[in-house]
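Undergrad: give the three-dimensional model of this entry:
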Amino acid sequence: MERFFKLKENGTNVKTEIMAGITTFMTMAYILAVNPSILGDAGMDKGAVFTATALASTIACVLMALLANLPFALSAGMGLNAYLAYTVVMGMGYSWEVALTAVFAEGIIFIVLSLTNVREAIFNAIPTTLKLGVSVGIGLFICFIGLQNAHIVVDGSTLVTVFSFSNSIKSGTFNYEGITVLLALIGMVISAYLIIKEVPGNILIGIVLTWLLGIICQLAGIYVPNPEAGYYSLIPTGIFSAPASLAPTFMKLDFSDLISLNFFSVIAAFLFVDLFDTLGTLIGCAAKADMLDKDGKLPNIRGALLADAVGTTVGACLGTSTVTTFVESSAGIAEGGRTGLTAITTGFFFLLALFFSPLFLAIPSFATAPALIVVGYLMMQQVTKISWEDPLEAIPAYIAIFAMPFMYSISEGISMGIISYVLLHVFSKKTKGMSPLMYVLAIAFVLKYVLL
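TA: Okay, here's the model as predicted:
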């Protein structure tokens, strides 16, 4: 492992990498429960989707380790799965088989783009200041996701507002909703304290301790499961479970609408969101781990992008939506993960989940939410590296930072950042040294807003 993963060269060891891989898995294990639920709404068999998601995640994570030796984990991307189910299938009227074919086509296109260095060139063309802004923006974005997952932040008349304990008590929802919010807040304090004390494995320990507190509350009758409201038992119903059959979704591709204009628009939407979500995640996580070189480039990025592309193609064949690099990888990086051993550990636990699904599916969102919130704090530290004294560089970075959480999209943050960067540099007549590809990207983003 030392020779293959170059652990000492990357300042890490086997124990740290495995702990980081487990932490990453714990923060993204929710996808095993959420993805079948979302794609099930499109008419897909939930058991088959669970198996496909776990297998596609395993394959993609192993490819990330073998092709790039980077600590990034991959699985079926949130947002892209909802787009497939609720827009392509339920909104546009396509069958889920046709939708999977669009995902398959997207994966093939990405393989070509990865092998021809197009995606790598896009990554390298983005200025270092914007890359730092993307990292900070992702930190705020995943913090917001954590706050939402824990129901600390909820819908309100001001778009979002803080959870009301008094209303929860009055409405009789405290024993299942209110108590989980309280446990998430306690989990934040626990995780923060462990970080302050520099306890090894602090994020993973925070997840487990918060989960255990929830189990204690359930045994004491303080937490009462309410499946109808989406609050399930925190105690695993079992440990072992045989994997569900892939037969209902395996290779169920339908190419009958391949040449229609609407089908191409579907593929284009998948392409755009996946491309820039992946690039944004790679930029943010790599910046947090100090993996970018002096020119702001990420070594082995071609392998990382290829793993992402092959994962999407294989996932479509197995029966799941677009596989992409997960922003939750930052949790493992915060634990010290620096090599492909982290990714391969995460992949191993996805494979293990096939046989121990009751155990992994019992991990509640209120236990993983504090991990996302404190990782947001860790990623925010990159903000000090932005040259705030130079507004021409800093303002586009600032736009990218606020766009991600407020527009709820990594790709939108990159879009806004690049468009503003190019426009401000052109208006200021200071375009020397800017990559020509930045002009192409800015025009493409503007056209995207006009046409898609």
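Undergrad: helices or strands next to the worst-scoring helix or strand of the chain on mean pLDDT in the packing?
TA: Ranking every helix and strand in the chain by mean pLDDT, DSSP states H and E puts helix 357-360 at the bottom, with a mean of 78. Using 3 or more Cβ pairs under 8 Å, 6 or more residues apart in numbering; DSSP states H and E, the elements in contact with helix 357-360 are helix 340-353. C-beta coordinates here come from the backbone N, C-alpha and C atoms, glycine included.
Undergrad: list the contacts of the helix it packs on.
TA: 1, 5, 7, 14, 17-18, 20-22, 24-25, 28-29, 32, 54-55, 57-62, 64-66, 68-73, 75, 332-333, 360 (Cβ atoms under 8 Å, 6 or more residues apart in numbering).
Undergrad: in helices, which of those residues fall?
TA: Among the contacts of helix 340-353, the residues falling in helices (DSSP state H) are 5, 14, 17-18, 20-22, 24-25, 28, 32, 54-55, 57-62, 64-66, 68, 332-333, 360.
Undergrad: need the buried ones from those selected in ChimeraX.
TA: To isolate the buried ones among the ones in helices among the contacts of helix 340-353 in ChimeraX, judged by 16 or more other Cβ atoms under 10 Å, type:
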select :5,17,18,20,21,22,24,25,28,32,54,55,57,58,59,60,61,62,64,65,68,332,333,360
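Undergrad: contacting residues around the least confident helix or strand of the chain?
TA: Taking Cβ under 8 Å, 6+ apart as the rule, helix 357-360 contacts Ala29, Leu32, Phe50, Pro236, Thr237, Gly238, Ile239, Phe240, Ser241, Phe349, Leu352, Ala353.
Undergrad: among the residues you listed, which one has the most neighbours?
TA: Among the contacts of helix 357-360, Phe50 has the most neighbours (other Cβ atoms under 10 Å), with 27 neighbours.
Undergrad: and the angle from the host helix or strand of it to helix 340-353?
TA: Secondary structure from DSSP states H and E places Phe50 in helix 46-68. Helix 46-68 runs at 160 degrees relative to helix 340-353, counting by axes from the mean of the first three to the mean of the last three Cα atoms, to 10 degrees.
Undergrad: circling back: can you redo the contacts of helix 357-360 as CSV with distance to Met188 and pLDDT?
TA: What follows is the contacts of helix 357-360, written out as CSV (distance: Cβ to Cβ, whole Å; pLDDT from 0 to 100):
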residue, distance to Met188, pLDDT
Ala29, 19, 87
Leu32, 24, 88
Phe50, 30, 93
Pro236, 24, 85
Thr237, 28, 80
Gly238, 30, 78
Ile239, 29, 81
Phe240, 33, 85
Ser241, 32, 85
Phe349, 24, 95
Leu352, 28, 93
Ala353, 26, 92
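Undergrad: what's the farthest-apart pair in those residues?
TA: Thr237 and Phe349 (19.3 Å; Cβ to Cβ).
Undergrad: spatially speaking, which residue is in the middle of this structure?
TA: Phe326 (2.9 Å; Cα atoms, centre = their mean).
Undergrad: now do stretch 77-88: distance from first to last residue.
TA: Taking Cα to Cα, to the nearest Å as the measure, stretch 77-88 stretches 16 Å from start to finish.
Undergrad: what does stretch 62-78 give?
TA: End-to-end for stretch 62-78, by Cα to Cα: 20 Å.
Undergrad: mind listing what's buried in it?
TA: 62-65, 67-78.
Undergrad: just give me the closest of these to Asp45.
TA: Ala76 (15.0 Å).
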